[in-house]
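> quick one: sequence plus predicted model below, questions after.
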Amino acid sequence: MQLITFRQSEPLIKVSQSIPITSYHLVRSFFESLSLLNIDHKFVACATTSAVPYFYIVCRHKKLYIPSCKKKKEGQLRKLKEKLKVYYIMSVFSVLFALLGFSYNTWRMEVSEENNNVRTAAFEVLSHLGELEHVILSAHYDNDLVEGNPRKGWIKVGLVVDLNVLITPEVADKALKLKAQWADSWHLMRTEQAVVTDLVTRIDDTRMAIKLVLKQMS
């Protein structure tokens, strides 16, 4: 035991302590607080051992009791464990939220890219459908061998079928039916009104299917 003695000659009364006091200034402030309670006391010495710390004080006609500091340390350890537990839980939730946000952003980017591809293909198909209809009408009503050239029609039909694969299976099926109709009757479009009507109807069906897809995406 190491004893640090201050000026005092009265007999000493040993009491246990609960508040961890690590410096002379804290000890002095503790006894100044006792003065506010009108307790007649004098600080004599402070002694510590490796196991239990003690304070030696002199109180005239009164014995001062302070509970053990072991409970104080246990309370501090308990609070520290609770704080660490909260910290670990918050860390786990932070990682989970970060992974969830990253997954959602990745999925959203993929969906946006797919929608952009569908829109681009849909606008291109609508443009080629209009040009195909122009070829049919020019050949039938104007007898224009340049604007109504069947070779232009074949090119437009091929582009429509290829691009509709990028939209939806329903629209691709409409394009295949249009191609089959064109293959069966392209050589009659100059003279047969029914052939022209059937081809224009197929074009309109494909156009309506594409518009429906674009409306659902908006």
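Now that the structure is in, tell me what you want to look at. In this text the structure is predicted, and so the values were computed from the model without any measurement. Numbers count the residues shown, from 1 in each chain.
> only C-alpha atoms from now on, for both contacts and neighbour counts.
OK.
> what helices and strands are in contact with the helix or strand hosting Lys73?
Under the criterion of DSSP states H and E, Lys73 resides in helix 69-137. Using 3 or more C-alpha pairs under 8 Å, 6 or more residues apart in numbering; DSSP states H and E as the contact criterion, the elements in contact with helix 69-137 are helix 150-164, helix 193-217.
> care to break the protein down by domain?
The record assigns the chain these domain ranges, following automatic domain parsing: 2-67, 110-217.
> where does Ile167 land in three-state SS?
Using DSSP: H, G, I helix; E, B strand; the rest coil as the criterion, the local structure at Ile167 reads coil.
> doesn't Thr120 make contact with it?
No: the pair formed by Ile167 and Thr120 falls short of the contact definition of C-alpha atoms under 8 Å, at 9.3 Å.
> quick one, which of the two is more surrounded?
Comparing Ile167 with Thr120 by neighbour count (other C-alpha atoms under 10 Å), the higher total belongs to Ile167, at 21 against 14.
> skip the chain neighbours and tell me the closest residue to that one.
Excluding its sequence neighbours, the residue lying closest to Ile167 (C-alpha to C-alpha, 6 or more residues apart in numbering) is Val118, at 5.0 Å.
> my read: the one you found touches Val165, true?
No: counting by C-alpha under 8 Å, no contact exists between Val118 and Val165, whose distance comes to 9.5 Å.
> of those two, who's got more company?
Neighbours per residue, other C-alpha under 10 Å: of Val118 and Val165, the larger number sits with Val118, 22 against 16.
> ok, the more buried one to Asp173 distance?
16 Å (C-alpha to C-alpha, to the nearest Å).
> same question for Ile167.
When distance is defined by C-alpha to C-alpha, Ile167 is 11 Å away from Asp173.
> returning to what we had before: and the helices and strands packed on helix 69-137: which comes nearest Val111?
For those, the distance to Val111 is smallest for helix 193-217, at 10.8 Å, taking C-alpha to C-alpha.
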